[in-house]
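> here is my input; please provide its structure:
(2 chains)
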Amino acid sequence: MCAMASLSDNLNSPSPTSQIQILNINWFQKQPHGNDEVSLTMNITADLQSLFTWNTKQVFVFVAAEYETPKNSLNQVSLWDAIIPTKEHANFWIQTANKYRFVDQGSNLRGKEFNLTLHWHVMPKTGKMFADKIVMSGYRLPEEYR
Amino acid sequence: MGWIGDTVDSIKSIQIRQLLTQAVSLGGYLFLHMSKDPIRAGEIVVFNVDGREIPIVHRVIKVHERQDTGEVEVLTKGDNNYGDDRLLYAQGQLWLQRHHIMGRAVGFLPYVGWVTIIMTEKPIIKYILIGALGLLVITSKD
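Presented below is the predicted three-dimensional model:
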């Protein structure tokens, strides 16, 4: 039963789409502990309807900032997430500040180029989970604190 | 324990017998080795916290991976929780490291719960466990 469920999930060819705009840098500071932190407001639109099958319990979606620093080859920081319970909820747009703190390990964020990635994790009623993402590049933080 | 108990008793290696017994008694969570794939945001990982018997199965929301060593520091959070897991970690601990993490959740079987996968040097163990799980599913009553 589980194998058949996963098999039918594999036959589904999902085609999610998404766009993310950064509307505003709310503030950008070096904190007392020495790490850079930024607060930003985003406009996130996505259509994840094609992910839903009869075997879909819910979809977990999140937006992460991804960037490199001299110390870290990869930094992934989740900025926002949501649980999408049904297909009817899966075509959405939301304007939001970051839900989780965007804090660097260090002070590397001034002028930093970064990607915003929209990830989806599809939780099945039964069987194997699957996940993928859309990578959007070309974002850049301000040169100066504000 | 019935069928599972017989299987556990018939396995010659003591270590593997102990692991299987622990696995079954934890209600479906299986902990062996963590696969060598890097840990990435969005994955659901299984980790232990000092003083708690039941491991926690939560999602990775932050990853910082070192250039030189490849070592990783991650932050986890339960999807339905308001805040991240730092209150669950040891005093003063801000991050989980690879050695805190025992496995990844890869799917969900009814009656059993999350199934974590696990890479083991001995492929036969993987097949025994998958077989045991399959039989558990088929033979358990609603």
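> and chain A, which of its residues are near chain B?
A:2, A:6, A:57, A:60, A:62, A:64, A:70-78, A:81, A:83, A:100, A:105, A:119, A:121, A:123-129, A:131, A:133 (Cβ under 8 Å from any Cβ of the partner chain). The C-beta positions use only the backbone N, C-alpha and C, and glycine is treated the same way.
> just the buried ones out of those residues, please.
Buried members of the residues of chain A next to chain B, scored by 16 or more other Cβ atoms under 10 Å in any protein chain shown, are A:2, A:6, A:60, A:62, A:64, A:72, A:74-78, A:81, A:100, A:105, A:119, A:121, A:123-124, A:126-129, A:133.
> so which of the residues you listed belong to strands?
Mapping these onto strands (DSSP state E) picks out A:60, A:62, A:64, A:72, A:74-78, A:81, A:119, A:121, A:123-124, A:127-128, A:133.
> from chain A, how far out is residue B:57?
12 Å (Cβ to the nearest Cβ, to the nearest Å).
> tell me which strands the strand ranked longest in chain B pairs with, and in which orientation.
Identified as the longest strand of chain B according to DSSP E is strand B:56-66. Strand B:56-66 has its sheet partners listed here by DSSP bridges as strand A:72-84 (antiparallel), strand B:44-47 (antiparallel), strand B:72-77 (antiparallel).
> export these as JSON lines, with columns for mean pLDDT.
Converted to JSON lines, those look like this (pLDDT from 0 to 100):
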{"stretch": "strand A:72-84", "mean pLDDT": "98"}
{"stretch": "strand B:44-47", "mean pLDDT": "88"}
{"stretch": "strand B:72-77", "mean pLDDT": "98"}
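> so which of the ones you listed is nearest residue B:66?
Among the strands paired with strand B:56-66, strand A:72-84 comes nearest to residue B:66, with 6.1 Å by Cβ to Cβ.
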